[in-house]
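> here's my sequence, what's the structure:
(one chain, ligands or ions: 2)
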Amino acid sequence: MAQDLNLPADLLNRHCLGIAATGGGKSNFLNLILKQQMMRGGGCIHIDGKNSKDAIREFLTLAEQHNRWQDVRIINIDEATLSNTYNPLLRGDAEELTTRIMLLIGNGGDSFFRSQASKGLGAISGLVKRMGIPFSFADLSVLMGSEGALRYLLREAPKDTREYVDYKMFFDQLLEADRRTGAMIVSEKKLQHTFGDLLGKLAAYARGQARDVLNAYNPEVDLLQAINENLLVYVALPMLSKAEVASDFAKIFLSDLRTAVGQLQNVPPEQRPNPTFLCLMDEFSSYAMPTLAPLFEQARSANICLFPFIQTVSSLSDKERGLSIDFAQKIIGNTWNKISFVLKDPESCEQMSKIAGQALKEFVSKSVSENIGFASGQQDASMLITSNRGRGISTSTRVEYDAVARPEDFSNLKAGEGIYMGPRGVYKIRVPLLKLNQQGGDIVFPKFRMPATPGLAVAEKYHMFSATGG
Ligand SMILES: Nc1ncnc2c1ncn2[C@@H]1O[C@H](COP(=O)(O)OP(=O)(O)OP(=O)(O)O)[C@@H](O)[C@H]1O
Ligand SMILES: [Mg+2]
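Residues are numbered from 1 along each chain as shown. Ligands and ions are numbered 1, 2, ... in the order given. Down below sits the predicted model:
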């Protein structure tokens, strides 16, 4: 029997895995979740794979309805006028930053050149971090392609540091004797070999609209602050128009989030987010990476609920994306709650049916040990179990775990219908349809004039170098 979804507050306290084929009512459900989170005064990050103006309007409308408009921040690398500023290279030590930026070239290509790039990047970010000044994608892309900029760093940096020694060593390796003058100059070829791949990828974030969003030294959005202040951060991913740039950006964003979560783990419990901060991750499989598995463990102790949405179970172990069965199992094992909307591929139906059986088994054994009764639905039918915490019910009922939610129950769901699986049992749910009377016209969201902070700004100085020949 379908029942109205009355989202218990603690649904949003534990990680939740959502799965849905297109058209099953996911967007409506996500809006409902967001509404609930806004109502309880909580903060969120909503990574939206759709990136349409309508979706931004809906988010703002919801926030306005709950008097939370002033808490909204938008990160939209596709359209700078519809975005606050954000710089994912401000947080973390040199090693974290290097790993973060190296996400751009993934595991593809020649491993020798990749390790060269990583070493070079480590030397640069180590030195700049030591100098204590913020830098940006634009700075990096200038440094990686210009002798003048590399020499500038050599001149400006404090000399008596380990980071300087490392950087100097890296710099010297790039040198060769000039054929005519004999002077030591940076070899174009070596520089190209070291950073060519990375430079190509950086271009998407150091130019155009993304440049205006991502290269501020004192940006409007800081993730740790957003979590601490229960802000409502909407991240628009241009998944349809620029899939690769969008998913790379999502990876970098989540790497920054992971560092922020690490910092939150070190604060006393009373300073962690309350209510639990919510992180909705639409199209999760397209930017999932193995390093995210530990994030699920860390986030829980930092009071952050992760809510990834996927379209198929197998997408979580997609080898082409560098994922594995092990990763899929970690994500499935680390999400206590699961919600499925209509599924279209048979394999996902099978898998979710198994997960439902498992969830019920755990629920039953827990209930028995708590000495609380449960009522089972009709054993044979596609009936889903409805928990009954009434007293005095015998626990001797035998339940056919496997038949609780059969594979076809997942493919037969209608728009707005779903199946919940978790420690509270297995339910069929019906999600109310949310009517949002959103306005047309201009999109208005909070913008801030941030005090200028000096940064590396080698991008600006670069013009000077090229004018004087470096
Ligand atoms: N809870 C609901 N009750 C009734 N109808 C619903 C419900 N949720 C969604 N629908 C209907 O299904 C349609 C698709 O819903 P929605 O846009 O939320 O799905 P979606 O899974 O996000 O789709 P897409 O994959 O295209 O983004 C809606 O236009 C709406 O008419
Ligand atoms: Mg949708």
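
> what separates the closest residue in space to Thr335 that isn't next to it in sequence from Ala328, distance-wise?
Leaving aside its chain neighbours, Thr335 sits nearest to Leu17 (3.9 Å; criterion: C-beta to C-beta, 6 or more residues apart in numbering). For every residue, glycine as well, the C-beta is placed using N, CA and C. Computed as C-beta to C-beta, to the nearest Å, the Leu17 to Ala328 distance reads 10 Å.

> now swap in Leu434 and tell me
For Leu434 relative to Ala328 (C-beta to C-beta), the value is 31 Å.

> out of the two, which sits in the more crowded spot?
Comparing Leu434 with Ala328 by other C-beta atoms under 10 Å, the one with more neighbours is Ala328, at 21 against 15.

> look up how far ligand 1 lies from the more buried one.
Using C-beta to the nearest ligand atom, to the nearest Å, Ala328 is found at 22 Å from ligand 1.

> repeat that for Pro238.
Going from Pro238 to ligand 1 by C-beta to the nearest ligand atom gives 15 Å.

> that residue contacts Asn51, doesn't it?
Yes. Counting by C-beta atoms under 8 Å, Pro238 does reach Asn51; the two are 5.1 Å apart.

> anything in contact with each of those two?
78, 246 (C-beta atoms under 8 Å, 6 or more residues apart in numbering).

> residue contacts, the residue of the chain found nearest ligand 1?
Proximity of the chain to ligand 1 (C-beta to the nearest ligand atom) peaks at Gly416, 2.3 Å away. By C-beta under 8 Å, 6+ apart, the contact set of Gly416 is 25, 28, 430-433.

> cool, and Thr85?
Shown in contact with Thr85 (C-beta under 8 Å, 6+ apart): 212-214, 216, 219-221, 450.

> can we see that at 6 Å?
213, 216, 219-220 (C-beta atoms under 6 Å, 6 or more residues apart in numbering).

> of the residues you listed - the most surrounded one?
Val213 (27 neighbours).

> now do the same contact list for it.
Per C-beta under 6 Å, 6+ apart, neighbours of Val213: 77, 80, 83, 85.

> pLDDT value on it, please?
According to the prediction, Val213 has pLDDT 97.

> and it, that one's in a strand?
No. Per DSSP: H, G, I helix; E, B strand; the rest coil, Val213 lies outside any strand segment and is helix.

> which ones are touching the nearest residue in space to it that is not next to it in sequence?
Spatial nearest neighbour of Val213, excluding adjacent residues (C-beta to C-beta, 6+ apart): Ser83 at 4.8 Å. Contacts for Ser83 were tallied using C-beta under 6 Å, 6+ apart; they are 74-76, 213.

> wait, Gly425 touches Phe363, no?
Yes. Using C-beta atoms under 6 Å, Gly425 is in contact with Phe363, at 4.5 Å.

> just to revisit the earlier point, which pair in the contacts of Thr85 spans the largest distance?
Greatest spatial distance in the contacts of Thr85: Val213 and Glu220, 9.9 Å, computed using C-beta to C-beta.

> pull the number of nearby residues for Val364.
Val364 has 19 neighbours, counted by other C-beta under 10 Å.

> in what helix or strand does it lie?
helix 346-369 (DSSP states H and E).

> now do the buried residues in that helix.
Neighbour counts over helix 346-369 (16 or more other C-beta atoms under 10 Å) mark 348-349, 351-353, 355-357, 359-360, 363-364, 367 as buried.

> before we move on, back to that, put the buried members of the contacts of Gly416 into a PyMOL selection.
For the buried members of the contacts of Gly416, the matching PyMOL selection, counting by 16+ other C-beta under 10 Å, is:
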select buried, resi 25+28+430+431
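
> ok, so of the contacts of Gly416, who is nearest Trp69?
Nearest to Trp69 out of these is Asn28 (C-beta to C-beta; 21.3 Å).

> residues in contact with that closest one?
Contact analysis of Asn28 by C-beta under 6 Å, 6+ apart lists Leu434.

> confirm it sits in a helix?
Yes. Counting by three-state DSSP, one finds Asn28 located in a helix.

> could you measure from the closest residue to Leu97 other than its chain neighbours over to Pro273?
Nearest residue to Leu97, sequence neighbours excluded (C-beta to C-beta, 6+ apart): Ser125, at 4.5 Å. Per C-beta to C-beta, Ser125 is found 29 Å from Pro273.

> neighbour count winner among the two?
Higher neighbour count among Ser125 and Pro273: Ser125, with 25 against 19, using other C-beta under 10 Å.

> stretch 175-184: how far from the chain's middle?
Taking C-alpha atoms, centre = their mean, to the nearest Å, the mean C-alpha location of stretch 175-184 is offset from the chain mean by 46 Å.

> quick one: end-to-end length of it, please.
6 Å (C-alpha to C-alpha, to the nearest Å).

> what does that stretch contact?
185, 187.

> ok, back up a step: the contacts of Gly416 also near ligand 1: which ones?
Contacts with ligand 1 are made by 25, 28, 431-433 out of these, judged by C-beta under 6 Å from any ligand atom.

> would you mind putting these into CSV with distance to Gly322 and pLDDT alongside?
CSV is the format used below for the ones next to ligand 1 among the contacts of Gly416 (distance: C-beta to C-beta, whole Å; pLDDT from 0 to 100):
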residue, distance to Gly322, pLDDT
Gly25, 31, 92
Asn28, 32, 94
Val431, 33, 90
Pro432, 38, 90
Leu433, 38, 93
